[in-house]
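Visitor: Kindly generate the corresponding structure for this input.
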Amino acid sequence: MKRMKSPARKDMKVAILCGGRGHRFKEFTDAVPKPLIPIGGRPILWHIMRYYEDFGFRRFVLCLGYMGNEIRTYFAGENARNWDITFVDTGLDTNTGGRIKKIEKHIRGDVFMATYGDGLSDLDLGALLDFHREKGCVATLTSVRPHSPFGLVHIDAENMVSSFEEKPVLDHWINGGFFVFDRRIFDYIEENDVLEKKPFVRLAQERELAAFKFKGFWKCMDTYKDHLELNDLWTKGQSPWVH
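Guide: Have a look, this model is predicted:
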């Protein structure tokens, strides 16, 4: 992929939701927040920010919560690269919508990017931004087709097993994060909202929520198994989010 760095992107903010407790990661999160769990020796949050940088984005708003000071400390030195980072304490148990709402005063442009602090992809962020602008709506999410967590058994008309299929890509689209928001998004969010519930439902009803369909690499580090799989890709030199 050829990554074009538009001059306008250097001033656009990228909000990253990195305040959750990571309950499914008790192997790590009693000691470190989930966004600092390492992939190839670097926190997954660092990989996400590095990926955005590849497309010309370097101004980040980190929506902190659980063990937020650990994230501040990590980026206090050379790990911050040449990034402009704003750290915002959005509350220990604040929902995703509430975290976005609490950074409103830090967003001065008409459009900003946002994503979760636990997902990696080889998505063309420039194409995503162009798509959002073409649609002219309040919000755009990246929709992906995940792999089934289970292998499938195919059964014939006589109830005999005909074949097996190992964890195929599902037919349904899900929310993969990697958002683009018009600042009008703040009018749709209240302090305690879960972003993916009432705000997104209302946006969809008003036809203000677009979906950028993406069929490339996407992986959410939701469980310890996901962590092992991402590190395995790194070890094998098969990490699509790194070029």
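
Visitor: Can you tell me the SS state at Arg9?
Guide: In three-state terms, and counting by DSSP: H, G, I helix; E, B strand; the rest coil, Arg9 is helix.

Visitor: Model confidence for it, exactly?
Guide: For Arg9, the pLDDT comes out at 78.

Visitor: In contact with Val161, which residues?
Guide: 153-155 (Cβ atoms under 8 Å, 6 or more residues apart in numbering). Heads up, the C-betas are built off the backbone N, CA and C, glycines and all.

Visitor: typo on my end, Ile16
Guide: Applying Cβ under 8 Å, 6+ apart, we find Ile16 in contact with 35, 45, 48-49, 60-63, 114-117.

Visitor: Quick check: it vs Phe200, distance?
Guide: As judged by Cβ to Cβ, to the nearest Å, Ile16 and Phe200 stand 18 Å apart.

Visitor: Tell me where this structure has helices.
Guide: Applying DSSP state H to the chain gives helices spanning 26-29, 44-54, 68-74, 96-101, 125-135, 198-205, 224-235.

Visitor: Output these as a markdown table; include the columns mean neighbour count, distance to Arg183 and mean pLDDT.
Guide: A markdown table is the format used below for the helices of the chain (neighbours: other Cβ atoms under 10 Å; distance: least, Cβ to Cβ, whole Å; pLDDT from 0 to 100):
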| stretch | mean neighbour count | distance to Arg183 | mean pLDDT |
| --- | --- | --- | --- |
| helix 26-29 | 14 | 32 | 68 |
| helix 44-54 | 21 | 19 | 96 |
| helix 68-74 | 17 | 24 | 94 |
| helix 96-101 | 23 | 11 | 95 |
| helix 125-135 | 17 | 13 | 96 |
| helix 198-205 | 16 | 14 | 95 |
| helix 224-235 | 15 | 32 | 91 |
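
Visitor: Kindly reformat the ones you listed as CSV and extend each row with distance to Phe217.
Guide: Shown next, in CSV, are these (distance: least, Cβ to Cβ, whole Å):
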stretch, distance to Phe217
helix 26-29, 23
helix 44-54, 11
helix 68-74, 25
helix 96-101, 23
helix 125-135, 14
helix 198-205, 24
helix 224-235, 9
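
Visitor: do you know which of the ones you listed lies nearest Pro146?
Guide: With respect to Pro146, and counting by Cβ to Cβ, the nearest of the helices of the chain is helix 224-235 at 11.1 Å.

Visitor: for that closest one, packing partners?
Guide: Counting contacts by 3 or more Cβ pairs under 8 Å, 6 or more residues apart in numbering; DSSP states H and E, helix 224-235 packs against strand 38-39, strand 218-220.
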